[in-house]
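Enquirer: no letters, just coordinates:
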DNA sequence: CTTATAAATATTGTCGACAATTAGTCTTGA
DNA sequence: TCAAGACTAATTGTCGACAATATTTATAAG
């Protein structure tokens, strides 16, 4: 038998660590939206060869965080209100489905965990208001767990490994801290209830409305400017 | 002014051509499902260096056609009935939304084109039955155009540049030629009608049912075996 | 004969260099 | 002053070689 088949950490390659670090820097705005990446510069910064760097960059392109043009290079995707709205449409669609499936597949333990999480979020929210960052992260955590609960690996890949990084990027950039915090909390509660009741149809509707409301919030703010 | 800004073809790099060729070979089953790819072997076959090949491979990973493990290499994704059903769920979700948006955004010209396309499909179907391949390709062409008509670039990327290649892969592999051909044609007609009527809500419902029916078809066939 | 260990082989990860292309600078002419 | 073209510099695309890891084969012990 092989040694520690379960605990064996999947050996990280240099490209892996650079990939992860770059992803964070892009998401958190440390590397600007729309900016062009210089391969020689980055390779020097990380003290790796361009080959290794390019490996990391191509994976970031796969995540939708970078764009590439032949003979020109990689650039960070440009954030725009239109693209943000597009993301909302896709989330509305996919997460609605994820929620329906979660109602069918999520285990009681995971549902309980989700409830506990929500309680914590509510407490921190009432204790120290204005901590928009934590709120937003908590919100995404909630959505993340429901998608995981769907059990659909394709959904999980599309949302958790691609779209959610874009979502976080927008939040860092635009600061989505909205007056929807309290409402959103209520909506989360109702969604959990529907999941607990195994009412997939309702769960889907509630999730779609929940995300749709966020989108409309952005659209309204956009029109008033 | 730069020479032919519009007609200028986006210069193809070696990696580009290999990427396209490999994609086709994978989709059409020329390279087997689940098989491991040998970098030295492929590089030799295409008469390119491993660096260039790896560039192409990493892009194929981004499309979801290849999987990669550190220090082990790339392998073609393994097709399974479960994964096929997962794809149907995601398509049902995304294409439903695409259809709703298409009803809002699609131009009259594009709708007319779609109608003509359907007529052609119907003719070839009645003329020479059994040409399952053409039918299936035609079906995907129909879906493709509606997604394009949605105008949502994210949706277009997820469906047309990723999922549809997986779908075609399954069809080549499993041969989805089903007795649903005639029914599917009717459903397509109704979908177009809803789009033409700008009834996005109905268009979404019809598309979801259309794809859901295909999924159930597979599920039933699976259970009877 | 089976299992476990060790050597040998093959494959992937990483590197630095050169070729091809693009971007920038300078000159020249009107 | 501006524009077009030539020249220079910088960047990306591609290559082959070496290092690190995994796989296979060979060997030895039980």
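Expert: Everything's here; your move. What you see is a predicted model; the values in this text were computed from it and never measured.
Enquirer: show me the contacts for the closest residue to chain B within chain A.
Expert: Per C-beta to the nearest C-beta, residue A:62 is where chain A lies closest to chain B, at 2.8 Å. In short, each C-beta sits where N, CA and C put it, glycine included. Residue A:62 is in contact with B:58-59, B:61-63, counting by C-beta atoms under 8 Å, 6 or more residues apart in numbering or on different chains.
Enquirer: count of neighbours near the residue nearest to residue A:139 when sequence neighbours are not counted?
Expert: Nearest in space to residue A:139, with sequence neighbours left out and distances taken as C-beta to C-beta, 6 or more residues apart in numbering or on different chains, is residue A:184 at 6.4 Å. When neighbours are defined as other C-beta atoms under 10 Å in any protein chain shown, residue A:184 has 21 of them.
Enquirer: secondary structure element for residue A:184?
Expert: helix A:181-196 (DSSP states H and E).
Enquirer: ends of stretch A:36-56, what's the gap?
Expert: Taking C-alpha to C-alpha, to the nearest Å, stretch A:36-56 runs 15 Å from one end to the other.
Enquirer: what residues does chain A have near chain B?
Expert: Chain A comes close to chain B at residues A:10-13, A:16, A:51, A:54-55, A:58-59, A:61-64, A:69-71, A:83, A:86-87, A:89-90, A:92-94, A:96-97, A:101, A:152-155, A:157-158, as judged by C-beta under 8 Å from any C-beta of the partner chain.
Enquirer: near DNA strand C, which of those residues show up?
Expert: A:13, A:51, A:55, A:71 (C-beta under 7 Å from any atom of the strand).
Enquirer: hang on, residue A:84 packs against residue A:221?
Expert: No. In this structure, residue A:84 is not within contact of residue A:221 by C-beta atoms under 8 Å, at 10.9 Å.
Enquirer: looking at those two, which is more packed in?
Expert: Here residue A:84 and residue A:221 are compared on neighbour count by other C-beta under 10 Å; more neighbours surround residue A:84, at 20 against 13.
Enquirer: near DNA strand D, which residues of chain A?
Expert: So chain A meets DNA strand D at A:11, A:36-41, A:50-51, A:54, A:68, A:70-74 (C-beta under 7 Å from any atom of the strand).
Enquirer: for chain A, what helix or strand is lowest in average pLDDT?
Expert: When the helices and strands of chain A are compared on mean pLDDT, DSSP states H and E, helix A:108-127 comes out lowest with a mean of 82.
Enquirer: next, the buried residues of it.
Expert: By 16 or more other C-beta atoms under 10 Å in any protein chain shown, the buried positions in helix A:108-127 come out as A:110-111, A:114-115, A:117-118, A:121, A:125.
Enquirer: next SSE downstream of it?
Expert: Sequence order places helix A:132-150 as the next helix or strand after helix A:108-127, per DSSP H and E.
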